[in-house]
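[1] When you get a sec, could you give me coordinates for this:
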Amino acid sequence: MIRIIITDDHPIVREGIKQILFEHKDILVASEAEKGNELITKVMQNEYDVVLLDISLPDRDGLNVLSELKTIRPNLPVLVLSIFPEEQYAERALKSGAAAYLSKGSIPQKLVEVIRLLANGETYISPELALKLAKNRIHSDEKTAHEKLSNRELETLILIVEGFSQKDIAKKLSLSPKTISTYQTRIIKKLDLKSKGEIIRFALKQNLIN
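    Residues are numbered from 1 along each chain as shown. I've put the predicted structure just below:
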């Protein structure tokens, strides 16, 4: 039996994942967590075979939670599930210790397949991501501009480009509009841009959005 814990602040998402996994008798949803600190506490107190972790959590940056998890339980595989396509966040997640990364738009059977792989001590990287990582290794001296951004800044950039207002982004990330405004200012400064329009053009050039 593969014991997993689902970490996501949206009850509907957690219920959806449980419904997908319910039909598979070798997988048991042993626990759930809404926040990063809650997950850390449960992992310290209980044994799990796989962690499902959303990047966007209300109390902490998901990738920082991932890094802490790997310090506490280095052999516990973590599957990062996110609304963001893998070309935007997967490399950062893998560098932080994730054993796999899936977009929430992935087909249900892929989720089941990857959970089983991780429980067997394997990792999962999609062919598309493997090709990207190989290209990055060849051109490792050419640092991608958006790598200058923190995880929260990159998350904010992507949501700006997708058309969310500062108020909507703040609500989505459980932050204040003032904090989002600060992130936007930092993004423009770090990337040497001048406007929101240039942020969108930058994201298109860097293939951060389709």
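[2] my read: residue 110 touches residue 102, true?
    Yes - at 6.6 Å, residue 110 and residue 102 qualify as touching, with contact defined as Cβ atoms under 8 Å. (Each C-beta comes from the backbone N, C-alpha and C, glycine too.)
[3] Those two - which one has more neighbours?
    When residue 110 and residue 102 are compared for neighbours, residue 102 comes out ahead with 22 against 13, by other Cβ atoms under 10 Å.
[4] Can you tell me how far that one is from residue 53?
    In this structure, residue 102 lies at 11 Å from residue 53, with Cβ to Cβ, to the nearest Å as the measure.
[5] between those two, what contacts are shared?
    Contact criterion Cβ atoms under 8 Å, 6 or more residues apart in numbering; residues bridging residue 102 and residue 53 by contacting each: 79-81.
[6] what helices or strands is the top helix by length along the chain leaning on?
    Across the chain, the longest stretch assigned as helix under DSSP state H is helix 177-190. Using 3 or more Cβ pairs under 8 Å, 6 or more residues apart in numbering; DSSP states H and E as the contact criterion, the elements in contact with helix 177-190 are helix 151-161, helix 166-173, helix 196-205.
[7] Redo those helices as JSON lines? Include mean pLDDT.
    As requested, the helices and strands packed on helix 177-190 are arranged in JSON lines below (pLDDT from 0 to 100):
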{"stretch": "helix 151-161", "mean pLDDT": "85"}
{"stretch": "helix 166-173", "mean pLDDT": "88"}
{"stretch": "helix 196-205", "mean pLDDT": "80"}
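[8] does residue 132 really touch residue 101, like I thought?
    No - shown here, residue 132 and residue 101 do not form a contact pair, counting by Cβ under 8 Å, at 11.9 Å.
[9] Which one's more surrounded, these two?
    Relative neighbour count places residue 101 above the other of residue 132 and residue 101, with 27 against 17, counting by other Cβ under 10 Å.
[10] quick one: residue 172 and residue 57 touch, right?
    No - using Cβ under 8 Å, residue 172 makes no contact with residue 57, being 11.5 Å away.
[11] So these two - more neighbours on which side?
    Under the neighbour definition other Cβ under 10 Å, residue 172 and residue 57 were set side by side, and residue 57 has more, 24 against 16.
[12] So that one versus residue 70, what's the distance?
    As defined by Cβ to Cβ, residue 57 lies at a distance of 16 Å from residue 70.
[13] got it, and residue 117?
    Distance of residue 117 to residue 70, given as Cβ to Cβ: 18 Å.
[14] now do residue 103
    According to Cβ to Cβ, residue 103 stands 22 Å off from residue 70.
[15] now do residue 64
    According to Cβ to Cβ, residue 64 stands 11 Å off from residue 70.
[16] Now do the SS call for residue 121.
    Assigned with DSSP: H, G, I helix; E, B strand; the rest coil, residue 121 falls in the coil class.
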